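Chemist: Next comes the sequence, and after it the predicted model I'd like to discuss.
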Amino acid sequence: MAAKKPSNFAVLPKIINGGIAGIIGVTCVFPLDLVKTRLQNQQIGPNGEKMYNNMFDCFRKTYAAEGYFGMYRGSAVNIILITPEKAIKLAANDYFRFHLATPEGKLTIPMQCLAGGLAGAFQIVVTTPMELLKIQMQDAGRVASAARAAGRQVEKVTAMGLTKQLLKEKGIFGLYKGVGATGVRDITFSVVYFPLFATVNDKGPRKTDGSGEAVFYWTLMSGLFSGMTAAFLVTPLDVIKTRLQAIKKADGEKEFNGIVDCVKKTLQHEGLPAFFKGGLCRVMVIAPLFGIAQTVYFLGVAETLLGIKQTKSI
């Protein structure tokens, strides 16, 4: 944090590193993310009935009904869009930290929070349609199972078909359903995560290559801890966002008209614990996702490929 500020900021390698980090990270944790989505969208029936009892029950039933590849339902669109999403998030945070830092390379906690919040705000351009499509694909199996139990059939959902439908019915804004809730979640997460990560990562042992970066295992641990903490704190916001973005629901499940309506109805019918549905699963998704992504990001793959000397991030 006290290192002298570099003379310039190289954007391209940061974007490339962010994209690579996102692809590797999401591939590793996607099955957990699918379970999280299904648990959060599941609403308890009037007699207390529910499809999944817990995270492990959801894993077991999903695997039994849909097989191994069913655990990766919706992963294609997620992997395609995670590249620009993580590239924007990680690179934008570094960009804003660079420009908000003093000439001596110092950055106060409020400025770190501002840099993280701006990065979170920038990423929702990609995050919202990515999450919208991913959630429909991930939740399709749950909705279809409920329909079959009621003696009905549900048309197969595809990311391309859903995209065409939304564009036809509502134009480009159809892909931005739940953008407000997504923004609140992502900005809040980034305000917590990035300053916490930078603080913890700065305390560890450094590489011997002169880059000034922390050794890989410390960066991994910093990402795991910071991701776990931020993920738990914003779980209620993630539940709200997930429910608002679910287009198809099982029979009897409630529709929500905005963030406030979702909060009111969820509290009224399911109580406060509903806002932490899938919380453990979310922590288990986000902690390794950001631990892996942050480690890959700081490995400097792009700098090596482009022949650029890696310098310590502010």
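Modeler: Thanks, I have it. Worth saying up front: this structure is predicted, and the values here are computed from it rather than measured.

Chemist: Correct me if wrong: Ile20 contacts Glu303.
Modeler: No: because the distance of 11.8 Å does not satisfy C-beta atoms under 8 Å, Ile20 is recorded as not touching Glu303. (Each C-beta comes from the backbone N, C-alpha and C, glycine too.)

Chemist: Can you list the low-confidence ranges for the stretch 1-150 of the chain?
Modeler: Under the criterion pLDDT under 70, the flagged ranges of the stretch 1-150 of the chain are 1-4.

Chemist: And the helices in it, which stretches?
Modeler: For the stretch 1-150 of the chain, helices defined by DSSP state H, counting those that start in this stretch occupy the ranges 11-41, 55-70, 75-100, 109-149.

Chemist: so can I have JSON lines of those showing distance to Ser313 and mean neighbour count?
Modeler: Listed next are these as JSON lines, based on distance: least, C-beta to C-beta, whole Å; neighbours: other C-beta atoms under 10 Å:
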{"stretch": "helix 11-41", "distance to Ser313": "9", "mean neighbour count": "22"}
{"stretch": "helix 55-70", "distance to Ser313": "35", "mean neighbour count": "14"}
{"stretch": "helix 75-100", "distance to Ser313": "5", "mean neighbour count": "22"}
{"stretch": "helix 109-149", "distance to Ser313": "11", "mean neighbour count": "21"}
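
Chemist: how about the ones you listed, which one is nearest Asp238?
Modeler: Asp238 sits nearest to helix 11-41 of all the helices of the stretch 1-150 of the chain, at 7.2 Å, using C-beta to C-beta.

Chemist: tell me the angle of that closest one relative to helix 55-70?
Modeler: Here helix 11-41 points in a direction 120 degrees away from that of helix 55-70 (axes from the mean of the first three to the mean of the last three C-alpha atoms, to 10 degrees).

Chemist: Check which helices and strands helix 11-41 sits against.
Modeler: Secondary structure elements in contact with helix 11-41, counted by 3 or more C-beta pairs under 8 Å, 6 or more residues apart in numbering; DSSP states H and E, are helix 55-70, helix 75-100, helix 109-149, helix 235-245, helix 279-299, helix 301-306.

Chemist: Need those helices in a markdown table (columns: distance to Pro13).
Modeler: Written out in a markdown table, the entries for those read as follows (distance: least, C-beta to C-beta, whole Å):
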| stretch | distance to Pro13 |
| --- | --- |
| helix 55-70 | 34 |
| helix 75-100 | 9 |
| helix 109-149 | 17 |
| helix 235-245 | 31 |
| helix 279-299 | 10 |
| helix 301-306 | 4 |
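
Chemist: Just list the residues touching Ile259, thanks.
Modeler: The contact partners of Ile259, taken as C-beta atoms under 8 Å, 6 or more residues apart in numbering, are 180-181, 184, 240, 244.

Chemist: one more time with 7 Å, if that's ok
Modeler: Neighbouring residues of Ile259 by C-beta atoms under 7 Å, 6 or more residues apart in numbering: 180-181, 240.

Chemist: returning to what we had before: out of the helices and strands packed on helix 11-41, which comes closest to Gly210?
Modeler: Across the helices and strands packed on helix 11-41, the minimum distance to Gly210, taken as C-beta to C-beta, is reached by helix 301-306, at 12.5 Å.

Chemist: Please enumerate residues in contact with the closest one?
Modeler: Contacts of helix 301-306 from elsewhere in the structure, counted by C-beta under 7 Å, 6+ apart, are 13, 16-17, 20, 309-310.

Chemist: for stretch 138-154, same thing?
Modeler: The contact list for stretch 138-154 (C-beta under 7 Å, 6+ apart) reads 34, 37-38, 41-42, 51, 62, 65-66, 70, 73-74, 157, 246, 248-251.

Chemist: Count the residues that sit near Gly48.
Modeler: Other residues within reach of Gly48, judged by other C-beta atoms under 10 Å, total 6.

Chemist: quick check, Gln268 in a strand?
Modeler: No: Gln268: not assigned to a strand; according to DSSP: H, G, I helix; E, B strand; the rest coil it is helix.
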